[in-house]
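Enquirer: sharing a model that was predicted from the sequence below.
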Amino acid sequence: MGGSRVQVNKAHKTRFSSKSSRQVHKTSLPEKSRTIKSGSNVAKGAKAARLQRNKMIREQKRAAILKEKRASSGSTSPPRVVREILEAVLFGLSASVDVSSLENDLLTLLSSKENETVFSTVASSEYKLRLTVLKAPHGDLSSCIEMVKVADLIAFVASASGSCDEGTSNYYIDPFGTQCLSVFRALGLPSSVVLIRDLPPEQKQRHELKKICTSTLSSEFPEDCKFYSADTKDELHKFMWLFKEQRLSVPHWRNQRSYLMAQKVDLASDDCESGNCTLLLTGYLRAHSLSVNQLVHVSGAGDFQLSRIEILNDPCPWNARKGQDFMDSDEVNNEQVIRFLAPDKLKQEPLIIENIPDPLAGEQTWPTEAEMAEADQNQKQKRLKKRILPRGTSEYQAAWILDDSDVEDSDSSDDDAAGDGMVLDENESGCAGQEGNNNFDLDDDQASLSLDSRGNDEQTEIDSVMMEGESLTKEQIEQEIKKLKEAHAEDEEYPDEVDTPLDVLARKRFAKYRGLKSFRTSSWDPKESLPSEYARIFSFDNFARTQKHVLAKALATEQGSMDDCVPASTYVRLHIKEVPVSVASKLRMFADRLPVIACGLLQHECKMSVLHFSIKKHDSYDAPIKSKEELVFHVGFRQFVARPIFSSDSMNSDKHKMERFLHAGRFSIASIYAPISFHSLPLIALKSVPDVAASPAVVAFGSLRSVDPDRIILKKIILTGYPQRVSKLKATVRYMFHNPDDVRWFKPVEVWTKCGRRGRVKEPVGTHGGDEVHFQWGPSAA
């Protein structure tokens, strides 16, 4: 039997047909053709529009890349900054690689007799580029971080004949090099290459050894990182031609702001005797244009205003004729000023760092005479009336007790039962088991959620004072470190669990805490119990909208023709006013080994607020990091000292639990007072070591998460006890409290077990703080 065995149903069967297909035969032929034709036209039109849109996007990207390439390789472009990382990044021995010889070879290759080097910057008419070469000092982590912030290309130098210690994971990288690589990755690696030196002269051995070095080091660098031999002049010539044609990539955060790496740092004394001076920074302006009305940030100094911008003649043009004309003018030391820009006092951005609070801002209008007379009469009646207050109530607390509560207290037959009780916040209006006088609120019952150190408990303050003691002996320091490690291990194993002290009443020791029925769903007002410092910071109703508006304004200024702006790729001198003389002197002193960077600030970026960073502990740092410990933060071009408070990142709740330590292997949120910064900026956290000569240790890395003063950070504690007797739905718990009054104080708070059972404290048992707990279900013996 031939043919296919596939079942073929009859055409008239409409069991599996749609309703519209069953009505097709009722439609006339002209209408059917018109419907099909119109649908096809719509499809064709949508496809054509989609293709046209994709074509426009490709053309815009191609034009942007071509513009960037012309700007970076033209005669008016600023010199590219290249860093040779000493063997501190790749090798542990300083004698393994002679980076100074490599620097001299590059400068000799690029420079000529007609064009001398200026500030390690050379201009080559042969390669049609200008280059600034910086050599990072081995072992100086801060200098390496500052240099990589402005580097266009990082050249990692390796020695094929050297090796590192046996304890390292890589044969060519020492511990400091591994640390630097991790820091550079966190900051964002620009274009990078690896230059291999000290290869043998024989061609076969040279090829084999280079292959071994490449295979060993390739896992430590990005996939697009190239490896080059850099021993002979021909090899350096080949590298320079490839580098000239290479499209360099820089971190995204660096392209958001204009910046300048100072090639010359000078001081100009002011007329007034205020201890300030004018700082003069000379260099090439990069990335974006800079307005004279804009604020600038000097790395390591702070935020300042500009008094003047001078546009100077380029001291290092790559055109030989221009360079010769400039050299003939005999003005190399005294740069020729082409023109200058002065700020407009009406348009200049004000340097407002903190808000000045008004103490009368929250006051109401002045009362009338009738209201004052009525208040005096009510006060006299209150003095004549005898009030029955709870035991231990102060005058300040009594002023907040309403008259209705006084009547209820007078009708109560048990004064002890009507004593103080812990405030409990719940979502429901009523709760069984909440007894006692809770009709008045106490300020001391509110938990510490602010970033001020005064809002934390006494034990944390004592620990901070002990850690900061400078007069401790070596044995005392070792003992404090041992206690800190034990507290870190205990906090990691038993988080939030606190033992009730024996010598202090629990209701006094934990008076600032508040009982929450649910940490996730219970309500909490972010505006209550704020410290006084919150009146001096700035906040936004919608930070995302403000950021979008600021970035759009900066883009419009960049694209428009402004008379007060200096375009990028210009050799300028910035006059930064009102800089402290001590700070300016230190900058000039360290300018030889540490680059001085000045970057333009966007709107609002000088104002103080509360910044939250997503932070993770570095793998190489083993010591515990306590909350409110002093750290050095590198955030973009900024660097400052801060004492962060660590907290968890709760995705499904508006409240976040404070963490006493920064634990390894997971991300936490670090909250600090700092100037406002817009996304996204990398974070490197450093900590100074006791040895003064040693470089600071890298303790954590991360990025800016948000700017939100209303983020609620709560310190959570759990009081634990042990069941002594269990009978059906009842249990007698001991060692949770040591005083019957404490049991009555904490009666409104719900009790729960590790197995999920929940109950209420019914009454105290005995005189040693035992309590009877009633559960909804039978408590588990486990």
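Expert: All right, it came through fine. Being a predicted model, the structure only gives us computed values, none of them experimental. Numbers count the residues shown, from 1 in each chain.
Enquirer: phi, psi of K762?
Expert: Main-chain torsions, K762, degrees, to the nearest 10: phi -90, psi -50.
Enquirer: residues touching it, list them.
Expert: By C-beta atoms under 8 Å, 6 or more residues apart in numbering, the residues touching K762 are 433, 730, 771-774. Any C-beta I mention is one placed from the backbone N, CA and C, and that applies to glycine too.
Enquirer: look up how far E772 lies from it.
Expert: Computed with C-beta to C-beta, to the nearest Å, the distance linking K762 and E772 is 5 Å.
Enquirer: show residues contacting the strand or helix carrying H297.
Expert: Using DSSP states H and E, H297 falls within strand 296-298. Contact with strand 296-298 is made by 279, 281, 290, 303-306, 574, 576, 579, 587, 596-601, 605-606, 637-638, as judged by C-beta under 8 Å, 6+ apart.
Enquirer: same deal with stretch 642-658?
Expert: 451, 453, 496, 519-522, 524, 613-615, 627-631, 633, 659-662, 667-674, 685, 711-716.
Enquirer: who does the closest residue to I576 other than its chain neighbours form a beta bridge with?
Expert: Distance criterion C-beta to C-beta, 6 or more residues apart in numbering; nearest residue to I576, sequence neighbours excluded, is L279 at 4.3 Å. L279 forms beta bridges with L267, I576, as assigned by DSSP bridges.
Enquirer: count of residues packed around L279?
Expert: Residues near L279, counting by other C-beta atoms under 10 Å, number 28.
Enquirer: going forward, begin numbering at 825 instead of 1
Expert: Taking 825 as the first residue, the last one we looked at is L1103.
Enquirer: how would you label V830: helix, strand or coil?
Expert: Under DSSP: H, G, I helix; E, B strand; the rest coil, V830 falls in the coil class.
Enquirer: surely R1333 and D1323 touch.
Expert: No - look at R1333 against D1323 with C-beta atoms under 8 Å: they stay out of range, at 10.5 Å.
Enquirer: check what contacts the helix or strand containing V1017 and list those residues.
Expert: According to DSSP H and E, V1017 maps onto strand 1015-1021. For strand 1015-1021, the surrounding residues in contact (C-beta under 8 Å, 6+ apart) are 908, 914, 921-922, 926, 976-984, 1034, 1037-1038, 1041, 1045-1046, 1049-1055, 1063, 1067, 1070, 1072-1074.
Enquirer: narrow those residues to those that are buried.
Expert: 908, 914, 921-922, 926, 976-984, 1034, 1037, 1041, 1045, 1049, 1051-1055, 1063, 1067, 1074 (16 or more other C-beta atoms under 10 Å).
Enquirer: please name the bridge partners of the residue lying closest to R1163 once chain neighbours are set aside.
Expert: Nearest non-adjacent residue to R1163, counting by C-beta to C-beta, 6+ apart: I1135, 5.3 Å away. Under the criterion DSSP bridges, I1135 forms beta bridges with R1163, V1396.
Enquirer: what score does I1135 have for pLDDT?
Expert: pLDDT recorded at I1135 is 90.
Enquirer: what bits of the stretch 1225-1374 of the chain have low per-residue confidence?
Expert: 1225-1296, 1298, 1301, 1316 (pLDDT under 70).
Enquirer: residue ranges of the helices in it, please?
Expert: Along the stretch 1225-1374 of the chain, counting by DSSP state H, counting those that start in this stretch, helices occupy 1227-1235, 1282-1291, 1298-1317, 1330-1333, 1367-1383.
Enquirer: which of the residues in the last one are buried?
Expert: Read that as helix 1367-1383. Quick answer for helix 1367-1383 (16+ other C-beta under 10 Å): 1367, 1370-1371, 1374, 1378, 1382.
Enquirer: over to the third one?
Expert: Buried residues in helix 1298-1317, counted by 16+ other C-beta under 10 Å: 1308, 1312, 1315.
Enquirer: in JSON lines, list these along with distance to H1121.
Expert: Shown next, in JSON lines, are the buried residues of helix 1298-1317 (distance: C-beta to C-beta, whole Å):
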{"residue": "L1308", "distance to H1121": "35"}
{"residue": "H1312", "distance to H1121": "35"}
{"residue": "D1315", "distance to H1121": "37"}
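Enquirer: D1416: which of those residues is nearest?
Expert: L1308 (39.0 Å; C-beta to C-beta).
Enquirer: okay but that closest one is in contact with S1451, surely?
Expert: No - in this structure, L1308 is not within contact of S1451 by C-beta under 8 Å, at 11.9 Å.
Enquirer: that older thread, and the gap between the residue nearest to I1400 and R1462?
Expert: 17 Å.
Enquirer: and what of V1513?
Expert: Distance from V1513 to R1462, by C-beta to C-beta: 22 Å.
Enquirer: specify which residue of those two has the higher count of neighbours.
Expert: Regarding V1513 and R1462, a neighbour count based on other C-beta under 10 Å identifies R1462 as having more, with 19 against 12.
Enquirer: and that one, what is it in contact with?
Expert: Contacts of R1462 (C-beta under 8 Å, 6+ apart): 1121, 1123, 1499, 1501.
Enquirer: tell me the phi and psi of the second one?
Expert: So the one you mean is S1123. phi -60, psi 120.
Enquirer: by mean pLDDT, flag the weakest helix or strand of this structure.
Expert: One helix or strand of the chain scores below all others by mean pLDDT, DSSP states H and E: helix 911-914, with a mean of 34.
Enquirer: next secondary structure after that one?
Expert: Downstream of helix 911-914, the next assigned helix or strand under DSSP H and E is helix 923-934.
Enquirer: who does that following helix touch, helix- and strand-wise?
Expert: strand 904-909, strand 945-948, strand 953-959, helix 1057-1069 (3 or more C-beta pairs under 8 Å, 6 or more residues apart in numbering; DSSP states H and E).
Enquirer: rebuild the ones you listed as JSON lines, extending it with mean pLDDT.
Expert: Converted to JSON lines, the helices and strands packed on helix 923-934 look like this (pLDDT from 0 to 100):
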{"stretch": "strand 904-909", "mean pLDDT": "50"}
{"stretch": "strand 945-948", "mean pLDDT": "75"}
{"stretch": "strand 953-959", "mean pLDDT": "80"}
{"stretch": "helix 1057-1069", "mean pLDDT": "82"}
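Enquirer: mind putting the ones you listed in TSV, distance to D1566 included?
Expert: Shown next, in TSV, are these (distance: least, C-beta to C-beta, whole Å):
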stretch	distance to D1566
strand 904-909	61
strand 945-948	73
strand 953-959	64
helix 1057-1069	73
